[in-house]
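# Predicted model and sequence follow; I will ask about them next.
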Amino acid sequence: MLPPNAPAATTKEAIRGVWKDMITNPGFAGGWKPTKVEVAKSGDLAYLSGTYDFTLNDAKGKPVKDRGKYVEVWKKQADGTWKTVTDIWNSDPPSPARPKKK
């Protein structure tokens with residue numbers, strides 16, 4: 001998992017932690033909207049992309065809105081289930097301007 005403004009989450013525990021922190025945030029609202037899904041001809045790999053729109057509370061409890069886009073890659077498992085193998089998302093609003101170097 002490649003969350004914005006954070007290191008990659010590569011273990012089950014780290015990935016669960018990212019999701020838990022997001023969806024248990026007291027101000028969490030919103031969701032994902034897939035806009036494209038494609039499956040490989042082999043039938044064992046797929047990707048989807050789309051947009052998201054969230055509201056989360058910041059450290060002071062103030063609601064903060066975020067919107068952006070995401071891509072997920074899914075792989076079909078031996079038992080027929082699908083699991084996400086890569087998940088990345090990033091915000092549409094620009095990052096805060098950095099001070100200019102003198």
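Thanks, I have the structure now.

# ranges for the helices of the chain?
Ranges of helices in the chain, per DSSP state H, are 12-23.

# Quickly note the distance from the residue most central in space within it to Ala78.
Closest to where the C-alpha atoms of the chain average out (C-alpha atoms, centre = their mean) is Trp89, at 4.2 Å. Separation of Trp89 from Ala78 (C-beta to C-beta, to the nearest Å) stands at 28 Å. Using the backbone N, CA and C atoms, a C-beta is placed for each residue, glycine as well.

# Distance check, the residue nearest to the centre of the chain against Gly80.
Distance, Trp89 to Gly80, by C-beta to C-beta: 27 Å.

# now the residue nearest to the centre of the chain: how far from Ser42?
Distance of Trp89 to Ser42, computed by C-beta to C-beta: 26 Å.

# repeat for Pro63
For Pro63 relative to Ser42 (C-beta to C-beta), the value is 44 Å.

# ok, those two, which is more surrounded?
The neighbour comparison of Pro63 against Ser42 (other C-beta atoms under 10 Å) goes to Pro63, with 12 against 7.
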